[in-house]
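Colleague: Predicted model and sequence follow; I will ask about them next.
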Amino acid sequence: MLANSFLSRLMPQENRFYAMLGAIARNVSVGADAFGRLRDATGSDDFLKISEQLRDIEHAGDAMANEFYTALDQTFVTPLDREDLHDLCSALDTILDLMEECAGFIVNYRLAELTPPMRELVRIAQEASHEVETTIKMVKDGAHFTELQPHLVRIHALENEGDTVFRLGLGDLFVTQTNAIELIRQKDIIEALEGTVDAADDVADLVRSLAMKHA
């Protein structure tokens, strides 16, 4: 079982690394749900409220990541490469960082509401983040790589969908938007949103690589 050769080997005597990664992934999912509320938000007050919620969730994620790094530094021998563990934690934390950054863009740029492509990218990022949490939980619970694979494939499919939405949305923007300031504003936001989807796919790539390495 993968549990005997992957994350369960992180801690010979205790499961603190399991608990930490699970908590970080859960916090990412909570953040994704707050992020998802951007789809129906309108006006500066709604966007500001969501941005503040995401900031709090992102700060909580930073604290969890710092705790993980400290525990990793204090462990003399790790059963997996220290760099791999650090990269996985960092990749999870990056999802929240980018979601909070997106909400900040929307607030600072005084966007009245999201465009349809922006709404789609928010939805895709939210779904991908939930799949990330599911994948980390399955690893924690001892799922074999073959059980993980459909979820990793789903995350990659969502990333491909996000790429398509991004390309079409950006293309339409340059064709239809004649106001240069508005074009730059929307371009920055749609690029930031696309980055959140890529960040979830980065986690899936790391999980796949670690699982294959230690299967």
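Modeller: Okay, I see it.
Colleague: need the contact list for the residue of the chain positioned farthest from its centre.
Modeller: Ranked by distance from the centre of the chain (CA atoms, centre = their mean), the top residue is T178, with 33.0 Å. Neighbour list for T178: empty [criterion: CB atoms under 8 Å, 6 or more residues apart in numbering]. (Each C-beta comes from the backbone N, C-alpha and C, glycine too.)
Colleague: Check the spacing between it and D198 real quick.
Modeller: Taking CB to CB, to the nearest Å as the measure, T178 falls 29 Å from D198.
Colleague: pLDDT weak spots in this structure?
Modeller: For the chain, the stretches with pLDDT under 70 are 1-15, 75-81, 141-143, 214-215.
Colleague: residue closest to the middle of it?
Modeller: For the chain, the residue sitting closest to the mean C-alpha position, by CA atoms, centre = their mean, is I95 at 3.0 Å.
Colleague: Excluding chain neighbours, what is closest to that residue?
Modeller: Distance criterion CB to CB, 6 or more residues apart in numbering; nearest residue to I95, sequence neighbours excluded, is A199 at 4.5 Å.
Colleague: other SSEs contacting the helix or strand harbouring that neighbour?
Modeller: In this assignment (DSSP states H and E), A199 forms part of helix 180-214. Using 3 or more CB pairs under 8 Å, 6 or more residues apart in numbering; DSSP states H and E as the contact definition, the elements that helix 180-214 packs against are helix 82-108, helix 116-140, helix 145-176.
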